[in-house]
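Trainee: I would like the atomic coordinates for the input below:
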Amino acid sequence: MKKTGMIWLIALMCMFFSVNVWADISDKKTEPDIKTDYYMIVESKQGGIDIYAHPDLESSKLNEELISNGTALHIEGEVEDTAHSRTWGYVQYHGMYGYVPLDDCRPAQSRKEAIDSELYIAGRDHVDYNADYDVKAYTSEGTQKLYQGPGEKYGEVPGVRDIKNGESLHITQDAELVDGSHWGVTTVDGKQGWINLDDTEEAARKRGEFSENDTDSKKEFVTMITTEEAELSKTPEATEAPMTTAMPETTEAPTATPEATEAPTATATPEATEAPTATATPEATETLTATETPEAEEKEVFVSASSEEANSLIPTPFWWIAAAAVIAVAGILIYHFKKK
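Mentor: Here you go, the predicted structure:
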């Protein structure tokens, strides 16, 4: 009984602690109560504000340094903290989503005011309103976006295609912001916007992430592939010529000559004279006319010449055998006449 009671006590304690933990997690909000779309500019007596994982000053901070005064924030949602009479803004900052206390911010009347505020705190030495140079786009993803301000928080310029690696972009204004990012104004498809100048070949080369050898090797690889594909596309036509020159078939002309030697077995000289006509070697050479290549013509001449030599040699033993047969027949006839 004691063991059973201890087991039930441990089970109840586990359930009690799990309920408390679940309650703590459920109290942490990760999504805003309402969605919004406006800009706020940081103005804090402490010189900046922090961004939190949840709308609670006791939750973990997502930033290492304060978001300095003058920084524009895109407020994408709100959460009301009635217990502390505080409104929290849901924002994106350097790729992180979190909450900032809006009582340390002032509203911006427009996107332009938000951008001007950030350029102002960047300082005159870090903003060039008369920039005039070209850069080439480069990111590990292969493409990048054109934004409505110096930061992803300003949103993409609508109706503009993605910028591909290697594209040349003309910069007419650039700025190094207080958060360390570097942005420039350019035009794509007739629409003006901002690009991250850290996503260029020049910046990647300074970081040691890009070299001219990379582009050269890619070009060589592409040309190698294209040349191989071109050769492969031509090889079927090239292989047709060897297939038409069926040399083993032309060698049948010499093999046809033994059939002509069958005439002596008939012992009939008139029939033996038909043997040269039986060697249809010219017909065999007609198959070579289908090959219109110069090599085929040379082979045809060679085969026809060899066949003519074979024909010129065939009658010599035939006539000797025929003469011997005639002499033998004459001898036999003479022998019979003398015997009578």
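Trainee: So residue 203 is in contact with residue 183, correct?
Mentor: No - distance between residue 203 and residue 183: 11.6 Å, which falls outside the contact criterion (Cβ atoms under 8 Å). (Each C-beta comes from the backbone N, C-alpha and C, glycine too.)
Trainee: Of these two, give the one with the bigger neighbour count.
Mentor: When residue 203 and residue 183 are compared on other Cβ atoms under 10 Å, the one with more neighbours turns out to be residue 183, at 25 against 16.
Trainee: which residue sits closest to the more buried one, ignoring its sequence neighbours?
Mentor: Leaving out its chain neighbours, the residue that sits closest to residue 183 by Cβ to Cβ, 6 or more residues apart in numbering is residue 150, at 3.7 Å.
Trainee: count of neighbours near the one you found?
Mentor: Applying other Cβ under 10 Å, I find that residue 150 has 29 neighbouring residues.
Trainee: which ones are touching the residue nearest to residue 93 when sequence neighbours are not counted?
Mentor: Nearest non-adjacent residue to residue 93, counting by Cβ to Cβ, 6+ apart: residue 51, 5.3 Å away. Applying Cβ atoms under 8 Å, 6 or more residues apart in numbering to residue 51 gives the contacts 61, 62, 63, 67, 91, 93, 96, 98, 99, 100.
Trainee: ok, back up a step: list residues touching both of residue 203 and residue 183?
Mentor: Going by Cβ under 8 Å, 6+ apart, residues that sit against residue 203 and also against residue 183 are residue 197.
Trainee: picking that back up, who wins for most neighbours among the contacts of residue 51?
Mentor: Among these, residue 99 has more neighbours than the rest - 26 neighbours, counting by other Cβ under 10 Å.
Trainee: Distance-wise, check the closest residue to residue 49 other than its chain neighbours relative to residue 40.
Mentor: On the basis of Cβ to Cβ, 6+ apart, the spatially nearest residue to residue 49 that is not a chain neighbour turns out to be residue 104, at 4.9 Å. Computed with Cβ to Cβ, to the nearest Å, the distance linking residue 104 and residue 40 is 9 Å.
Trainee: out of everything not next to it in sequence, what's closest to residue 127?
Mentor: Across the structure, with Cβ to Cβ, 6+ apart as the measure, the residue nearest residue 127 apart from its sequence neighbours is residue 175 (4.5 Å).
Trainee: for residue 94, same thing?
Mentor: In this structure, residue 94 finds its nearest non-sequential neighbour in residue 179, 7.0 Å apart by Cβ to Cβ, 6+ apart.
Trainee: pLDDT wise, what is that neighbour at?
Mentor: The model reports residue 179 with a pLDDT of 90.
Trainee: Name the SS class of it, please.
Mentor: Following DSSP: H, G, I helix; E, B strand; the rest coil, the label given to residue 179 is coil.
Trainee: Let me see the contact set for it.
Mentor: 68, 71, 94 are the contacts of residue 179 under Cβ under 8 Å, 6+ apart.
Trainee: most surrounded residue in those residues?
Mentor: residue 71 (24 neighbours).
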